[in-house]
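Colleague: sequence and computational prediction follow.
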Amino acid sequence: MKILFVEDDKTIASGLEYSLQQEGYVTILRHDTTSAKQVLSQQLESIDLCLFDLSLPDGSGYDLCSYVKGRKDTPVIFLTAFDDEVNVVMGLDMGADDYITKPFRVRELLSRIKSVLRRYQKQTVVKNIIEIEHIRINTLEGKVYKNGEEVLVTALEYRLLLIFANHIGQVLSRNQLLEQLWDVAGDFVNDNTLTVYIKRLREKLEDQPQNPTIIKTVRGIGYKVGD
């Protein structure tokens with residue numbers, strides 16, 4: 001199992017990395033969001049779990065969680081020094097799987113990691129198929145179906161649909177969508193392009209594109225799929 005561990009306190013990071021390695025985990029340690037995103041852009045498919053400190057010198061664990069969840073449903077655990085409801089709820093709403101408040105015992109962290117990994121292993125088969133009303137996404141095949149008939153979508157349309165599918169019931173702003181659509185190959189996705197691709201997805205998936213029930217507009221905020 002490979003863990004990406006991002007912690008700016010090098011003393012804490014060194015001790016935890018040693019403990020993780022003693023448990024048999026392969027670790028990639030980074031101290032800021034910039035270097036962490038470089039790792040994610042190259043190795044996300046092989047990373048089994050992400051462990052993010054919330055407060056980082058050039059961003060936050062929220063930024064990294066959003067980056068990860070927009071590309072792959074990899075488990076994320078937050079390390080936080082803030083034990084208040086706002087920070088905890090914000091992290092969980094973004095798709096984080098668990099959090100642990102500093103200071104904590106190493107054994108407790110290891111237990112949380114094992115629990116989250118077990119949960120994901122049980123859900124793997126289920127999550128190969130995602131259903132949203134009359135739309136079915138087969139993530140193993142990379143195919144989309146409407147009422148049982150395959151719908152042909154482009155790579156970027158598919159990526160955008162997966163972002164919505166991984167955040168069912170959550171309102172995503174245009175900025176959040178643009179950030180998660182950033183192509184690791186370097187292709188820039190601008191605001192106008194986003195508008196075009198949302199329109200195309202609606203034309204392909206909605207029964208009435210002018211009155212969408214799948215990709216719904218939340219005026220003044222963004223878009224939402226599902227309740």
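Modeller: Alright, I've got the coordinates.

Colleague: neighbouring contacts of the helix or strand where S14 lies?
Modeller: In this structure, S14 sits in helix 10-22 according to DSSP states H and E. The contact list for helix 10-22 (Cβ atoms under 8 Å, 6 or more residues apart in numbering) reads 3, 5, 7, 27, 29, 31, 106, 109-110. To be clear about C-beta, it is placed using only N, CA and C from the backbone, and glycine gets the same treatment.

Colleague: quick one: name whatever helix or strand follows the helix or strand bottoming out on mean pLDDT in the chain.
Modeller: Lowest mean confidence among the helices and strands of the chain (mean pLDDT, DSSP states H and E): helix 85-93, at a mean of 69. Downstream of helix 85-93, the next assigned helix or strand under DSSP H and E is strand 98-101.

Colleague: so what does that next one touch, helix or strand wise?
Modeller: Judged by 3 or more Cβ pairs under 8 Å, 6 or more residues apart in numbering; DSSP states H and E, strand 98-101 is in contact with strand 76-80, helix 85-93, helix 106-123.

Colleague: and those, which is most packed in?
Modeller: Comparing those by mean neighbour count (mean count of other Cβ atoms under 10 Å), strand 76-80 ranks first with a mean of 23.

Colleague: can you list contacts of that strand?
Modeller: 7, 49-55, 61, 64-65, 68-69, 87-88, 91, 95-102, 104, 112-113, 116.

Colleague: same check on stretch 139-157?
Modeller: Residues contacting stretch 139-157 (Cβ under 8 Å, 6+ apart): 127-130, 134-138, 158, 161-162, 181, 183, 189, 197, 200-201, 204-205.
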